[in-house]
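In: Turn this into a model:
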Amino acid sequence: MMVSLVILKLCRNQRVLNSCLILYFLDEYRAEGKIPYKLADPNMGSDYNRLTSILGLCKDLDERRQLVRDIMEGGDLTTPITTAFSDVSSLSRQDFLSMLFYLGLLTIKGDGGSNDVILTTPNAVIRDVYYRYYANYLKLDEEVRDAVKKIAFEDSFDDLGRLITQALHLHSNEDFKGFSEKHLKSVFLSCFGAQSLYLVKSEYESEGKKLDIVLLDIRGVETRVRFNYLIELKYLKKSEATPAAVESARLQALEQMRGYLGLKEFEQDTRIKGLFYVIVKDEIMHFEEVKV
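Out: Okay, the predicted model is just below:
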């Protein structure tokens, strides 16, 4: 913890990188002369156990779930850093974020003003740890690997659709009262991040537009992955899902995706595909591939 406190004082405005991952990458690159096939040091698997142990201290399931969602979705996590923990039976959100920071599962993105810092996940490898945790929570960890492989190698989303529906069915009516597009995206992110075939980006910005989810081939040209994907999500509550509202959401998603495919970053990419989902409560109403 003392080292982390020193880092906190020195690097409030600088990104902190994981030295284990950097040394592993450089060692493999020096030996092979190219980017290593596996980007994560095998020892990083212990991070999953550390994450599970810390979050296990949070007895409020809703609070734990919301914390993981907030981290996965990549937004700014502004908080003071706790320097002493007196009672582990009554830990706050600030305490949990601080613990994750001390263990290297979060890093400093910037100064949040006053005594606050802005925390974020340090890299894609650590984000995958959170994706895997949430996939386990949704009871998807094993099946989802095969589903993502079918996306990567066969361009088939059928199994993913079934698993998304299965995961949504795990939510109670009480859960759905506060459910939103943001929460739906967490379910998708946990699925894509559970299998390290894609670099998964949430709220990806390009030319002033924000894309819900972008799946980019993690191996560049040295791969068997057939396509990269841009994915737009639309979610409606059951009470607001009139036929007209569902169709309006479909048309909006269609127009947005056509705009995304026309962005300079993607318009010349022959391996890019645009997809969108319209989901009402726990049912997929529309899943479409968009042609330019």
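In: Quick check: buried residues in stretch 258-270?
Out: Y260, L261, L263, F266 (16 or more other CB atoms under 10 Å). The C-beta positions use only the backbone N, C-alpha and C, and glycine is treated the same way.
In: Next: stretch 229-243.
Out: Result for stretch 229-243 [16+ other CB under 10 Å]: buried residues Y229, L230, I231, E232, L233, K234, Y235, L236, A241.
In: hang on, the third one in a helix?
Out: No: membership of I231 in a helix is not supported by DSSP: H, G, I helix; E, B strand; the rest coil, which gives strand.
In: surely it meets Y204?
Out: No: I231 lies out of contact with Y204 (CB atoms under 8 Å); the separation is 10.2 Å.
In: Residues that sit against both of those two, list them.
Out: By CB atoms under 8 Å, 6 or more residues apart in numbering, I231 and Y204 have these common neighbours: L211, I213, V214.
In: Inside strands: which ones of the residues you listed?
Out: Applying DSSP state E to the shared contacts of I231 and Y204, the entries found in strands are L211, I213, V214.
In: In the stretch 1-150 of the chain, mark out all the strands, start to finish.
Out: For the stretch 1-150 of the chain, the strands defined by DSSP state E, counting those that start in this stretch cover 77-80, 107-113, 116-120.
In: Any idea which of those gets closest to I22?
Out: strand 107-113 (12.7 Å; CB to CB).
In: Next, the buried residues of the closest one.
Out: Neighbour count says strand 107-113 has T107, I108, K109, G110, G112 buried, by 16+ other CB under 10 Å.
In: Now do the SS call for G274.
Out: Looking at G274 with three-state DSSP, the answer is strand.
In: What degree of burial does E255 show, as a neighbour count?
Out: 12 (other CB atoms under 10 Å).
In: mind listing the helices for the stretch 51-200 of the chain?
Out: 61-72, 93-102, 124-137, 141-154, 158-169, 173-177, 181-193 (DSSP state H, counting those that start in this stretch).
In: Dump the C-alpha coordinates for the shortest one into CSV.
Out: In CSV, the C-alpha atoms belonging to helix 173-177 read as follows (Å, rounded to 0.1, in the frame of the first residue of the first chain):
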residue,chain,number,x,y,z
ASN,A,173,-38.9,-7.6,-12.4
GLU,A,174,-37.4,-5.5,-9.7
ASP,A,175,-34.1,-5.4,-11.5
PHE,A,176,-35.8,-4.2,-14.7
LYS,A,177,-37.4,-1.2,-13.0
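In: How far off centre is it?
Out: 22 Å (CA atoms, centre = their mean, to the nearest Å).
In: what's the distance between S89 and T83?
Out: S89 sits 19 Å away from T83 when distances are taken as CB to CB, to the nearest Å.
In: between these two, who's got more neighbours?
Out: Remark: of S89 and T83, T83 carries more neighbours, 11 against 6, as counted by other CB under 10 Å.
In: By mean pLDDT, point me to the weakest helix or strand of the protein.
Out: helix 2-10 (a mean of 48; mean pLDDT, DSSP states H and E).
In: on that earlier part again, reformat the helices of the stretch 51-200 of the chain as TSV; add mean pLDDT.
Out: Output for the helices of the stretch 51-200 of the chain, formatted as TSV (pLDDT from 0 to 100):
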stretch	mean pLDDT
helix 61-72	86
helix 93-102	90
helix 124-137	82
helix 141-154	84
helix 158-169	91
helix 173-177	82
helix 181-193	87
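In: who wins for proximity to K281 among those helices?
Out: Counting by CB to CB, and looking across all of those, nearest comes helix 173-177 at 6.0 Å.
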